[in-house]
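model this:
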Amino acid sequence: MKALLCHEYGPPESLRLEETTPPELASATSVRIAVTRVALNFPDLLMLEGKYQYRAPFPFALGMECAGRVIEVGPDVTAVAPGDRVAAHPWVGCLAEEVVAEEDDVFRLPGAMDDDVASGFPIAGGTVWHALVDRGEIAPGETALILGAAGGVGVPAIEVAKAKGARVIAAARGADKLALTRAHGADETVDYAAEDLVARVRELTDGKGADVIYDTVGGDFTDQAMRAINWGGRLLVIGFAAGRIAQVPANRVLLKGASVVGVAYQAFRYRDPEGARANMAALFQAWSDGRIRPHISHRFPLERTAEALRTMEARAAQGKIVIEVA
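Okay, the predicted model is just below:
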């Protein structure tokens, strides 16, 4: 099979498209998938640089989530069968013509969902639902501030928050990205490049601040967002796309009766696979009901993955970037 392999940590251009041996089933509950589409995620860049919390042995293929068709299953697999169209998040190995995932990481698709959309559904959707519903306990009538709102895990956060009855303030950079957030349901917007985040959020909430802050960005944006949190608000710490891990001031947490809540979807899936599967079922239902419509801004063939990664690194994408494998 063909696979885009990483032999050493380095830039996207160091990846090599090679012929290699297909992976074998790893256990009685493994599933082999013929990959059609792969959705990129910011941690793919971190993994390529050796900065992600998980380090795969060399050589390995990047790609945390994908869509495709089941071609083989282990003897104890019951959730899917050969021929099923599926989405999967094996966390590594998807940028190849075949990948092996565990049954708990494989989900049969609703019939009408195409592979482009499905490829970005497991990790983006799973992260968002776990963040806002499980950890943030977002409630109808609350205000959610979504940082990085035009990104791959920002757009679905808007939609899930709206599906749960919240009012959404979307924060992003530039008019085009803000227009995208409005198209996906944002009630109000904040332009990082032209507006004061703290002043704008306070203005939009009558001085109270946001009840839930969905933060995949970190750095200065976390610092600013914590100055615009409501009494009893929850800061959901999901990632650090800005590069700096913010130090949240304990006095502000104290004075606002606030909570700083870690969101580690990968760990949650391993600790509570039944809960993760129930979340995915809820997400598929929300998609079937028309409440979630993932946005894809770029598609690249497998051989142009380095260009795709550079596009993501430059923050030039809106929503998801999809790699066409087959």
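
Please make it C-alpha for all contacts and neighbour counts, starting now.
Will do.

thought residue 89 was touching residue 41?
No - counting by CA atoms under 8 Å, residue 89 stays clear of residue 41, with 11.4 Å between them.

where do the contact lists of the two overlap?
Counting by CA atoms under 8 Å, 6 or more residues apart in numbering, the residues touching both residue 89 and residue 41 are residue 64.

neighbour-wise, which of these two wins?
residue 89 (27 against 23; other CA atoms under 10 Å).

okay, that one: pLDDT?
On pLDDT, residue 89 comes in at 95.

residues contacting it?
Contacts of residue 89 by CA under 8 Å, 6+ apart are 64-66, 101, 105-106, 122-123.

ok, now residue 31?
25, 70-74, 77, 100-103, 106.

Regarding it, what is its secondary structure?
strand (DSSP: H, G, I helix; E, B strand; the rest coil).

Farthest pair within the contacts of residue 89?
101 and 123 (13.8 Å; CA to CA).

Against which helices or strands is the helix or strand containing residue 17 packed?
Using DSSP states H and E, residue 17 maps to strand 16-19. If you count contacts as 3 or more CA pairs under 8 Å, 6 or more residues apart in numbering; DSSP states H and E, strand 16-19 packs onto strand 2-6.

Before we move on, what's the pLDDT of the residue nearest to residue 264 when sequence neighbours are not counted?
Closest residue to residue 264 apart from its sequence neighbours, by CA to CA, 6 or more residues apart in numbering: residue 238 at 6.9 Å. The model reports residue 238 with a pLDDT of 95.

going forward, begin numbering at 41 instead of 1
New numbering, starting at 41: the last item is residue 278.

how near is residue 278 to residue 284?
Plainly put, residue 278 is 13 Å away from residue 284 if you go by CA to CA, to the nearest Å.

Same check on residue 97?
Residue 97 is 27 Å from residue 284, by CA to CA.

So for the two, which residue has more residues nearby?
Each of residue 97 and residue 284 has its neighbours counted (other CA under 10 Å); residue 284 has more, 14 against 10.

buried ones in stretch 251-267?
251-259, 261-262, 265-267 (16 or more other CA atoms under 10 Å).

can you check stretch 220-240 too?
Counting neighbours by 16+ other CA under 10 Å, stretch 220-240 gives 220-222, 224-231, 237-238, 240 as buried.

related to what we said a few turns ago, tabulate the contacts of residue 129 (CSV), appending neighbour count.
Converted to CSV, the contacts of residue 129 look like this (neighbours: other CA atoms under 10 Å):
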residue, neighbour count
104, 23
105, 30
106, 38
141, 24
145, 22
146, 27
162, 28
163, 26
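
Which residue ranges of the stretch 41-190 of the chain form strands?
42-46, 56-59, 70-79, 100-101, 105-113, 125-128, 138-142, 146-148, 183-187 (DSSP state E, counting those that start in this stretch).

So in that sheet, which strands flank the third one, and in what orientation?
Think strand 70-79. strand 105-113 (antiparallel), strand 138-142 (antiparallel), strand 360-364 (antiparallel) (DSSP bridges).

and what of the shortest one?
Strand partners for strand 100-101, identified by DSSP bridges, are recorded as strand 42-46 (antiparallel).

what does the partner strand rub up against?
54-60, 88, 98-102, 135-137, 342-343.

Pull out the buried residues from the residues you listed.
Buried among the contacts of strand 42-46 by 16+ other CA under 10 Å: 55, 57, 88, 100-102, 135-137, 342-343.

Excluding sequence neighbours, find me the nearest residue to the residue nearest to the spatial centre of the chain.
In the chain, the residue lying closest to the centroid (CA atoms, centre = their mean) is residue 164, at 2.7 Å. Leaving aside its sequence neighbours, residue 164 sits nearest to residue 193 (CA to CA, 6+ apart; 5.1 Å).

so the one you found, which of the three states?
coil.

and it, what does it touch?
164-165, 167-168, 359.

In terms of pLDDT, where does it sit?
91.

go on, residue 95?
So, for residue 95, pLDDT stands at 89.

Now for the closest residue to it other than its chain neighbours: which residues touch it?
Distance criterion CA to CA, 6+ apart; nearest residue to residue 95, sequence neighbours excluded, is residue 87 at 6.8 Å. The contact partners of residue 87, by CA under 8 Å, 6+ apart, come to 94-95, 102.

Narrow those to those in helices?
With DSSP state H as the criterion, helices contain none of those.

for these, which one is nearest residue 293?
Looking across these and measuring by CA to CA, the closest to residue 293 is residue 94, at 30.4 Å.

so how far is residue 83 from that closest one?
10 Å.

cool, and residue 183?
28 Å.

between the two, which one's more packed in?
residue 183 (27 against 20).

Can you tell me, leaving aside adjacent residues, what's nearest to the more buried one?
Using CA to CA, 6+ apart, the nearest residue to residue 183 is residue 207, at 4.7 Å.

can you pull the contacts of the one you found?
Contacts of residue 207 by CA under 8 Å, 6+ apart are 181-184, 201, 226-227.

Also residue 196?
164-165, 168, 332-334.

And the furthest pair within these?
168 and 333 (13.6 Å).

which of those two has more neighbours?
Shown here are residue 168 and residue 333; by other CA under 10 Å, residue 168 has more neighbours (28 against 15).
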